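1. using only what follows, build the 3D model:
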Amino acid sequence: MNKKNILLLALLLAVVGVAIYFYKQDQNSSIKGNPFTQFAIEDTNTITKIFIADHDGNTALLERSNNSRLWDLNRKYKAREDAVKNLLQVINRIRVRGNVASTARDNMMKVMASSGKKVEIYTNGENTPSKIYYVGPNTPDHTGTIMLLELEDEGKSPEPYICHMEGFTGFLNPRFFAEEMEWRYTGIFDYPKLEISKVEVQHSVPAWSFEINYNGGNQIKLSHLGQPLPRFDTVGVKDFLLHFKKVHLESYRTFLKPEVEDSIRKSPPVVRLIVTNKKNEKQVLSLYLKRGKENTLDANGNPTPWDPEYLWGVNEKGEVGLAQRYVFDPITLPLQAFQKN
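-> Numbers count the residues shown, from 1 in each chain. Have a look, this model is predicted:
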């Protein structure tokens, strides 16, 4: 390549570079000055309600509670604390990465209208949403999500945008789910400050059952069938109580038929846990063996009909959930685990 051609190529690249620069500058300025690109809410403490709906008929109404750190879900359950935190994080840090290509814009609007999710965000106790998100599909590179914004004063945006979250690589769509059972809080025993006065562990084998009375610190009493035990492992019992700071079921989505759930409720539990707090309020959970798959082996490699990883848990309302043995084995120990010879 002669010097003249090299000079022409360099000049062409320079012109293209300048064009790209000014195009991006113009695009960025149009995004920054456009109210329909302002998805984020800087102070998420002002958010009092969020409503999410999808095209499968699922809806989730999340409302901030004045009496609990947990948000209310559909006015009948508590919502998962981690899921609410993740959602508020997105709302706070969401940014527009760029425009949807003009050639794909009309088609994307149709896709969002037919299969997108609608997210209404209410602030300061208002009855009208201050912002509405329409959440569409993810970009092919899985680093952004197509979204459209509707504002209380401005109406609906005429075009969608590619959105992402600052400091996060990935798409946002999964955080805007609407399935009630996915949102539902699964906590059973929630005593972060160990505000417990009594724990009863009622095994199907009476000799294993026990009761712990706790008055804080090392003021612990261990009893069996109403009879206090004079000697026991105080440290072991205290460690046992610490587990009750946070105990969750894995999920209330069991996929069981109603008659199967009813059969579980009518059968005798292998263990029942009753926890009484300092306000004399009780929380009860009954645990049942769960059938395992064929050729299931226990921890020692022996055949067993029972699932070695899961139990069924039934709360006070009779609702059945899936309970991990990893979580519940440490709080269903027998009395003998704390006795001293």
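
2. all contacts plus neighbour counts: C-alpha atoms, from now on.
-> OK.

3. any idea how far I264 is from F328?
-> 18 Å (CA to CA, to the nearest Å).

4. for N302, same thing?
-> Applying CA to CA to N302 and I264 gives a distance of 25 Å.

5. more neighbours, these two?
-> Taking neighbours as other CA atoms under 10 Å, N302 and I264 compare with I264 leading, 20 against 9.

6. quick check: which element contains Y133?
-> Assigned by DSSP states H and E, Y133 belongs to strand 131-138.

7. following element in sequence after that strand, please.
-> Following strand 131-138 toward the C-terminus (DSSP H and E): strand 145-151.

8. where does pLDDT dip in the stretch 51-200 of the chain?
-> For the stretch 51-200 of the chain, no stretch has pLDDT under 70.

9. now do the contacts for I146.
-> I146 makes contact with 100, 135-139, 160-163, according to CA atoms under 8 Å, 6 or more residues apart in numbering.

10. what about the helices in this structure?
-> 3-32, 81-93, 102-115, 180-183, 234-242, 258-266, 325-328 (DSSP state H).

11. against which helices or strands is the second one packed?
-> The criterion is 3 or more CA pairs under 8 Å, 6 or more residues apart in numbering; DSSP states H and E, and there are no helices or strands that helix 81-93 contacts.

12. who touches that helix?
-> Contacts of helix 81-93 (CA under 8 Å, 6+ apart): 39-44, 70-71, 165-166, 172, 175-176, 183, 185.

13. residues near N213, how many?
-> There are 17 residues near N213, going by other CA under 10 Å.

14. check E154 too.
-> 10.

15. list the residues that contact it.
-> By CA under 8 Å, 6+ apart, E154 has no neighbours at all.

16. let's see 10 Å
-> 35-36 (CA atoms under 10 Å, 6 or more residues apart in numbering).

17. distance-wise, check it relative to T128.
-> On the measure of CA to CA, E154 and T128 end up 14 Å apart.

18. touching both of those two, which residues are there?
-> With CA under 10 Å, 6+ apart, E154 and T128 have no common neighbours.

19. where does the stretch 201-341 of the chain dip in pLDDT?
-> Looking at the stretch 201-341 of the chain by pLDDT under 70, you get 341.

20. if we use 80, what do you get?
-> 294-295, 297-301, 340-341 (pLDDT under 80).

21. distance check, the residue minimising distance to the centre of the chain against W183.
-> Nearest to the geometric centre of the chain sits A83, at 3.4 Å (CA atoms, centre = their mean). Plainly put, A83 is 7 Å away from W183 if you go by CA to CA.

22. over to E150?
-> Counting by CA to CA, the gap from E150 to W183 is 25 Å.
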